[in-house]
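1. okay, here's the prediction I keep looking at, along with the sequence it came from:
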Amino acid sequence: MRYHLTTFGCQMNDHDSERMKGLLEGQGWSEVAERDDADLILFNTCTIRGSADERFLGNLGDAKRVKRHRPDVLVAVGGCWAQSQKEGVFRDFPFVDIAFGPAEITRLGELVARERLDAVGAFSLDGAFSSTLPAVRERPHQAWVQISTGCNCVCAYCIVPSVRGRERSRPAWDVVDEVRRLADEGVREVTLLGQNVNSYGRDLPRDERRTFADLLREVAAVAGIIRVRYSSPHPKDMRDDLIAAMAQCPEVGAHLHLPAQSGSTSVLRAMRRTYSRERYLDLVARLRDAIPDLSLTTDLIVGFPGETEHDFAQTMSLVEACAYDGAYTFLYSPRPGTEAAERLPDDVPHDTKRERIGRLVDLVQATAAARAQRFVGTEREVLVEGPSRTDPTRLRGRLSQNITTNFTGAAAPGQLAQVLIDAATSTTLTGHEVEVAVPA
Ligand code: SAH
Ligand code: SF4
Ligand code: F3S
């Protein structure tokens, strides 16, 4: 009863994988480091871009190799790619025994425990929240908390709504209960997760309805929780009550990952993002007004159908205007079944996409490096996560602004260390501890 799990994709998948591990280990399975030693080879997949499919398929080929040598090993494929393929996976990859979508994670136990006869699939989009399962967490002081699943947006490029289904919110009491339990276990930082995390609550019954801002305040008030983050918000749902909650709750990190996707209003319209460049900029101005020293990061897509050099220049100037502390940049990738793939020609030549993303990455890096200098010479609270990855004699943690900091000091993981920042690169700060503030 040994399993091997490989996880691809976003934080939602990382969280779902913790639950898969919790479920399996509750049933007597134990994790092994090599596929060759496993009785169950499990994948939690992503299909957000063509490159995600390719990366996964390379790994699936390795599972096929193992199965050739040991035919009774079980191969199970869960998550977004599996959902996008449904039963087709058994035709195209006959060595796969089990396939299930991201809304069917709670059924994994039943799927692996049954008598092995035929391949079995589970693809409903309204299964139980994976948060109902026990979790095996790697980080003792940090936890993800799922507050909703699915997405009701219709972003023209995006496959997520078709594989994760309609948006469903967990009742606030259930979320807060989980956060209390986590705090009792020693968790100090929680990250609230949803595909469109800040549209939370609209689907709840009237007597249980909460806004995301209400929920954020309730979670921040849980004793023992000293940092709260959330991912990913949609600009259209960043309302004033949420900005106020961020500004007023010291536990809520001074960081926002606010996907812009493009700086051009006409591209944003074609993407069906429902905001213009001006509205996004106005939102950033209101955020910066309310939350001094906010760190802002974003997602940007390059080469969406119809993107002209002028549109791309608008994205470049958005990066400067917003002074991002970081950005994930993606080449547009047509996804089967999405509006953009079905209706719009993928007309930006690949070389042009590559050339544009090169310029964008350079600008993002330069902007982030310049922005990071504002920390040098200042004292900051760092929530300690553990030893530094590159130098185990030093500590690693993050600022409220979500910037990774390596430093010399004696604070314990889960504590806030007072750190004087000595130097900064575009992604990392270094410093030394001056005094430990033990959380109340
Ligand atoms: N639910 C989150 C994350 C969506 S996926 C959100 O809405 O913010 C993460 C990022 O992948 C998106 O923000 C977008 O920038 C990028 N992305 C999604 N589909 C894409 C596609 N077809 N091609 C290129 N990038 C894509
Ligand atoms: Fe995809 Fe848009 Fe929903 Fe994000 S908000 S998951 S980009 S459809
Ligand atoms: Fe990928 Fe699914 Fe997340 S497609 S990005 S794992 S929601």
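-> Sure, I can see it. Ligands and ions are numbered 1, 2, ... in the order given.
2. list the helices and strands the helix or strand bottoming out on mean pLDDT in the chain packs on?
-> Lowest by mean pLDDT, DSSP states H and E among the helices and strands of the chain is strand 428-437, with a mean of 86. Packing contacts for strand 428-437, counted by 3 or more Cβ pairs under 8 Å, 6 or more residues apart in numbering; DSSP states H and E, involve strand 379-387, strand 404-408, strand 416-424. Where you see a C-beta, it was placed from the backbone N, CA and C, and this is true even at glycine.
3. closest to ligand 2 out of those?
-> Ligand 2 sits nearest to strand 404-408 of all these, at 24.9 Å, using Cβ to the nearest ligand atom.
4. could you list the paired strands of that closest one along with their orientation?
-> Partner strands for strand 404-408, per DSSP bridges, with pairing direction: strand 395-399 (antiparallel), strand 428-437 (parallel).
5. give me the buried positions along it.
-> Applying a neighbour-count criterion of 16 or more other Cβ atoms under 10 Å, one finds 404, 405, 406, 407 buried in strand 404-408.
6. just put the residues you listed in CSV and tack on distance to ligand 3 and pLDDT.
-> Output for those, formatted as CSV (distance: Cβ to the nearest ligand atom, whole Å; pLDDT from 0 to 100):
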residue, distance to ligand 3, pLDDT
404, 22, 97
405, 27, 98
406, 28, 97
407, 32, 98
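7. what about the residue lying closest to residue 176 once chain neighbours are set aside, which SS state?
-> Counting by Cβ to Cβ, 6 or more residues apart in numbering, the nearest residue to residue 176 once its immediate chain neighbours are dropped is residue 218, at 5.3 Å. Residue 218 carries the three-state label helix when classified by DSSP: H, G, I helix; E, B strand; the rest coil.
8. mind listing what residue 218 touches?
-> Contacts were defined as Cβ atoms under 8 Å, 6 or more residues apart in numbering; by that measure residue 218 touches 172, 176, 210.
9. what about the residue of the stretch 101-250 of the chain at minimum distance from ligand 1, neighbour count?
-> Nearest to ligand 1, among the residues of the stretch 101-250 of the chain, is residue 232, at 3.4 Å (Cβ to the nearest ligand atom). Per other Cβ atoms under 10 Å, the neighbour tally for residue 232 reads 19.
10. quick check: pLDDT value at it.
-> At residue 232, the predicted lDDT confidence score is 94.
11. that one touches residue 257, doesn't it?
-> Yes. Using Cβ atoms under 8 Å, residue 232 and residue 257 qualify as a contacting pair, with a distance of 5.7 Å.
12. residues shared between the contacts of the two?
-> Counting by Cβ under 8 Å, 6+ apart, the shared contacts of residue 232 and residue 257 are residue 299.
13. before we move on, back to that, for residue 70, find the nearest of the helices and strands packed on strand 428-437.
-> Residue 70 lies closest, by Cβ to Cβ, to one member of those: strand 379-387, at 36.2 Å.
14. report the angle between the longest helix along the chain and strand 416-424.
-> Longest helix of the chain, by residue count under DSSP state H: helix 350-372. With axes from the mean of the first three to the mean of the last three Cα atoms, to 10 degrees as the criterion, the two stretches helix 350-372 and strand 416-424 enclose an angle of 120 degrees.
15. get me the contact residues on the stretch 101-250 of the chain for ligand 2.
-> Within the stretch 101-250 of the chain, the positions lying close to ligand 2 (Cβ under 6 Å from any ligand atom) are 151, 153, 155, 158, 160, 161, 195, 196, 234.
16. filter those residues by proximity to ligand 1?
-> 158, 160, 195, 196.
17. grab the nearest non-local neighbour of the first one.
-> By the measure of Cβ to Cβ, 6+ apart, the closest residue to residue 158 outside its immediate chain neighbours is residue 338, 6.3 Å from it.
18. so what's that neighbour up against?
-> Contacts for residue 338 (Cβ under 8 Å, 6+ apart) come out as 156, 157, 158, 159, 162.
19. what's the neighbour count on the closest residue to ligand 3 within the stretch 301-440 of the chain?
-> Residue nearest to ligand 3 within the stretch 301-440 of the chain: residue 335 (9.0 Å; Cβ to the nearest ligand atom). By the measure other Cβ under 10 Å, the count of residues near residue 335 is 24.
20. buried sites along the longest helix of the chain?
-> Applying a neighbour-count criterion of 16+ other Cβ under 10 Å, one finds 353, 356, 357, 360, 363, 364, 367, 368, 371, 372 buried in helix 350-372.
21. let me have those residues in a markdown table, extended by distance to ligand 2.
-> Supplementary listing: the buried residues of helix 350-372 in a markdown table, determined by distance: Cβ to the nearest ligand atom, whole Å:
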| residue | distance to ligand 2 |
| --- | --- |
| 353 | 19 |
| 356 | 20 |
| 357 | 18 |
| 360 | 18 |
| 363 | 22 |
| 364 | 19 |
| 367 | 23 |
| 368 | 22 |
| 371 | 25 |
| 372 | 27 |
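22. just flag the most distant two among those residues.
-> Taking Cβ to Cβ, the two most distant members of these are 353 and 372; they sit 28.0 Å apart.
23. ok and the least confident helix or strand of the chain relative to strand 379-387, angle-wise?
-> 100 degrees.
24. mind listing what's buried in strand 428-437?
-> Buried residues in strand 428-437, defined by neighbour count with 16+ other Cβ under 10 Å: 429, 430, 431, 433.
25. now the end-to-end length of stretch 182-201.
-> The straight-line separation of the ends of stretch 182-201 (Cα to Cα, to the nearest Å) is 22 Å.
26. show the average pLDDT along it.
-> 97.
27. what do you get for stretch 159-176?
-> pLDDT averaged over stretch 159-176 equals 97, rounded to a whole number.
28. say whether ligand 3 is contacted by the helix or strand hosting residue 43.
-> For residue 43, the element it lies in under DSSP states H and E is strand 40-45. No. Contact between strand 40-45 and ligand 3, assessed by Cβ under 6 Å from any ligand atom, is absent, since the two come no nearer than 7.1 Å.
29. what is the subsequent helix or strand relative to that strand?
-> Per DSSP H and E, the first helix or strand lying C-terminal to strand 40-45 is helix 50-69.
30. show me what the helix or strand following that following helix is packed up against.
-> Stepping forward along the backbone from helix 50-69, the first helix or strand reached (DSSP H and E) is strand 74-79. In terms of contacts (3+ Cβ pairs under 8 Å, 6+ apart), strand 74-79 is packed against helix 11-26, strand 40-45, helix 50-69, strand 98-100, helix 108-113.
31. now do 7 Å
-> Judged by 3 or more Cβ pairs under 7 Å, 6 or more residues apart in numbering; DSSP states H and E, strand 74-79 is in contact with strand 40-45, strand 98-100, helix 108-113.
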